[in-house]
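**Student:** got a sequence here, can you build the structure:
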Amino acid sequence: MYTKKEGFARADFDTKTVLSIPNIVTLIRLIILPFVLVSLNKEHNIQAFILILLAGFTDVLDGFLAKILHQSTTIGKILDPVVDKIFTVTVLIYLYIYRGFPFWAFYSIIALEMLILIGGYWMIMRHHQIPSSSLCGKIAVMIISISMYFYVVDIDSINSFHILSINMKILMVFFGLILLVFATIRYGMISKREILKKNNEKKVN
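**Tutor:** Model (predicted):
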């Protein structure tokens, strides 16, 4: 198990820990991903929508199971966000190429997600800490996910709905992107604070 005192225990990376129930639930999202892409390619939009919702449910379920089963491990904390990003980015690529997802939002989201991933990797390898996600980040992901749903389902009423002459889908994407920028900045600030805290604890000890 991962603790602040012990850091990264070798046991966190053995076979039994990797194949824990929460981690298996996390990996189910990767199994769902090709079925989502096939459904989108065949324009079975409702089916794709349901599969994406199912993937989102596993994202909530793995964290819940990790808590109630006391199976929160280092590999699980790393695996969950990585799988999330693989799933989200893959679906985004499809929506960008085939469903008209805005290019400016696509490249911005990819850049920010990669920045967070690289920053998290640096924190793990250099300081042996796993940065926690912020509420702002979770809300940003939720709004971006909703905007993705709009491009998946492609409902006429949503396509024709405008606020201040701005399409509803574009507005949702823009709002989610702004929140993601703030979340990325906050992520960096939290990571820096955790590093400083750890360094101060070392000096005291």
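**Student:** can you give me the strands in the protein?
**Tutor:** Along the chain, the segments classed as strands by DSSP state E run 162-163, 166-167.
**Student:** now do the first one, average pLDDT.
**Tutor:** What it means is strand 162-163. Mean pLDDT, computed over strand 162-163, is 57.
**Student:** for the last one, same thing?
**Tutor:** Model confidence over strand 166-167 averages 65 on the pLDDT scale.
**Student:** next: stretch 188-205.
**Tutor:** The average pLDDT within stretch 188-205 is 62.
**Student:** what's the spacing between the residue nearest to residue 169 when sequence neighbours are not counted and residue 62?
**Tutor:** Counting by Cβ to Cβ, 6 or more residues apart in numbering, the nearest residue to residue 169 once its immediate chain neighbours are dropped is residue 150, at 4.6 Å. The C-beta positions use only the backbone N, C-alpha and C, and glycine is treated the same way. Distance check for residue 150 against residue 62: by Cβ to Cβ, to the nearest Å, it reads 26 Å.
**Student:** quick one: which of the two has more around it?
**Tutor:** residue 62 (25 against 21; other Cβ atoms under 10 Å).
**Student:** what pLDDT does residue 24 get?
**Tutor:** Residue 24 is given a pLDDT of 90.
**Student:** revised request: answer the last question for residue 113.
**Tutor:** 82.
**Student:** what do you get for the one 4 residues further on?
**Tutor:** Here the pLDDT value assigned to residue 117 is 77.
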